[in-house]
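[1] Predicted model, plus sequence, below.
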Amino acid sequence: MSLKPFLSDRRPRRSGSLPARLLRGLLRVALVLALLHALVWRWAVGELETQFEAWAAQRRSEGWLVTYDAPERGGWPFAATLFLPWTRLGGAEDLVPGGVEWQAEGVRLRLSPLQPRRLTLELLGWQRVFGESFDLHVTADRFTAELPLAAGDSLRELPLAARRLRLRSPAGLVEAERLGLHLDLPPGPAGETGARLGLAVSGLQLPPGLGQATEVLGRTMQALHLDLALSGPLPMAGTLAARAAAWREAGGALEAHDLALRWGPLTAQGSARLGLDRALQPRGEAALQVTGADALLRAAAGAGLLTQQAALAGQALIGLLGRRPAEGGPPVLDLPLALEGRVLSAARLRLGVLPEWRWPGQAVPARN
C-alpha cells in the first residue's frame, strides 16, 4: 500500500491567494491605525477642553468675566476642535479702561496634527464689542486668529484675519474685503509699556451717511496700512481721566509708523507721534507725503472740520509747496502737521480747531 495519499493529506492548506492575504493584512493595520488615531484624537480634544477651562478659571480668578455654554467636541478625523457657544469675555473698570465686554455667537478652537504648536480660533456668527460709550456689531465670512502655543499662561500675541468683514455703525454698514490685525503685548505685568498694533485693510466700503467725505473721496477706501506703538506705563487704577494724566506724566506717547492710505484721489504716507497736553487734549506732530490734498481739503471743509477760509489757505499752500514728480502725475505735498492746544496747523499755517475731548471722570473747568 502506498503512503502518498496519507502524506498528501498532511500538506498545509492555503487560506487564499497572496493578494487576498496582503489585503487582509493591510485592513488589520488600517484598523489598528484608525483605533490609535481615534484614541489620540480623543486625548487631544480632551486636553484642549481641559486647558481652555484652566485658562478660563485663571482669568476669572483675576476678576475677568468668562462665560460660555456647554462645549461641543468635534473635528475628527482631521483635527481636534472645541466649539464654545455664546461666549462672553469682559473686563471690569480696574482691568480695562471704561470696562469692555466681547460677546460671540460661537468660538471654535482648532488644533491640527500638522501644526501642533499653533491654535486656531474661529469667531463664528455676529460678534459684539461694547463699552461705556460704544457698541459695535461685527461679522465676517471668515474670522480667525492663529495663536502660538508657547510656554507660559499669558497671551501676548494676537493676530486676527478677516475676509468680507461687516460692521454695523450709527452711520450705516461698513464692509471690508480683507482685514488683518496684529497685537503684540509686552512680556511684563499688565500696564507695562511696549504694546504694538498693526492694521491692514483693503477694499473698505464706507456708508453713505458720512456725507461730504464720501461725496468727494468716494465710498471705497482702497487700502489702509498702519503700525502703532504705545509707550509709557498704563496705570490700572483710578478714573479714565486720572489714568490718562498719569500716562502723560510718565512720558506716554502713541507713535504711528508706515502709514499708507489710498482713498479715491487721495494718497498719503508718513509717520506721526501723539500725546496729551496739560488739559488732556491730543497734541503731536506728523510728517506726511500727500497727493490729492485738494480733495482732502474739500472733504474736510464740507464736513465742517475746516472753515472755508482755512480750506482756501490750504489750497494756496498746495500751490506753494507741491512738487511735480519726475515721472509725472499729480503734485506731491510734503506736509508737516502739528496739533497744539486743539489747533491743527500745516507748515505753521492754521487750518482749524478740533472740538474739545472730554474724558469720563474729568472735571469740567469752571467758567467765569
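    Done, it's in.
[2] Quick one: residues contacting Lys148.
    I think there's a mix-up here, since residue 148 is Pro and not Lys. Counting by CB atoms under 8 Å, 6 or more residues apart in numbering, Pro148 touches 117-119, 157. Where C-beta positions appear, they are placed from N, C-alpha and C, glycine not excepted.
[3] residues near the closest residue to Val343 other than its chain neighbours, how many?
    Nearest non-adjacent residue to Val343, counting by CB to CB, 6 or more residues apart in numbering: Val353, 5.6 Å away. Val353: 14 surrounding residues under other CB atoms under 10 Å.
[4] distance between stretch 81-95 and the chain's centre?
    Centroid separation for stretch 81-95 versus its chain: 16 Å, with CA atoms, centre = their mean, to the nearest Å.
[5] and it, average pLDDT?
    Across stretch 81-95, the average pLDDT comes to 80.
[6] just stretch 45-63 next, same as before
    85.
[7] How about it, which residues are buried there?
    45, 48-49, 51-52, 56, 59 (16 or more other CB atoms under 10 Å).
[8] from the middle of its chain, how far away would stretch 237-244 be?
    25 Å.
[9] so who does Leu121 touch?
    107-110, 144-147.
[10] Can you name the residues bridging to it?
    With DSSP bridges as the criterion, the beta-bridge partners of Leu121 are Leu109, Ala145.
[11] Out of the buried residues of stretch 45-63, flag the one nearest to Leu199.
    Arg59 (25.7 Å; CB to CB).
[12] Closest to Leu337 out of the contacts of Leu121?
    Of the contacts of Leu121, the one sitting nearest to Leu337 (CB to CB) turns out to be Ala145, at 34.3 Å.
[13] doesn't Glu340 make contact with the residue nearest to Val343?
    No. The criterion here is CB atoms under 8 Å, and Val353 misses it with Glu340 at 10.9 Å.
[14] Would you state the secondary structure element containing Ala301?
    helix 293-302 (DSSP states H and E).
[15] Output the below-cut-off pLDDT ranges for the stretch 51-200 of the chain.
    92-99, 149-156, 186-194 (pLDDT under 70).
[16] So which residues of it form strands?
    65-67, 72-74, 80-91, 100-112, 115-130, 135-148, 157-169, 172-184, 195-205 (DSSP state E, counting those that start in this stretch).
[17] Please convert those strands to CSV, extending it with distance to Gly238.
    Below are the strands of the stretch 51-200 of the chain laid out as CSV (distance: least, CB to CB, whole Å):
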stretch, distance to Gly238
strand 65-67, 21
strand 72-74, 42
strand 80-91, 16
strand 100-112, 17
strand 115-130, 22
strand 135-148, 25
strand 157-169, 26
strand 172-184, 24
strand 195-205, 19
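[18] How about stretch 313-329, which residues are buried there?
    313-314, 317-318, 321-322.
[19] ok now that stretch, how far from the chain's centre?
    That offset, for stretch 313-329, works out to 36 Å (CA atoms, centre = their mean).
[20] For it, give me every contacting residue.
    291, 293-294, 297, 306, 331-335, 346-347, 349-351.
[21] Lowest-confidence one in these?
    Ranking the contacts of stretch 313-329 by pLDDT, Leu306 lands last with 70.
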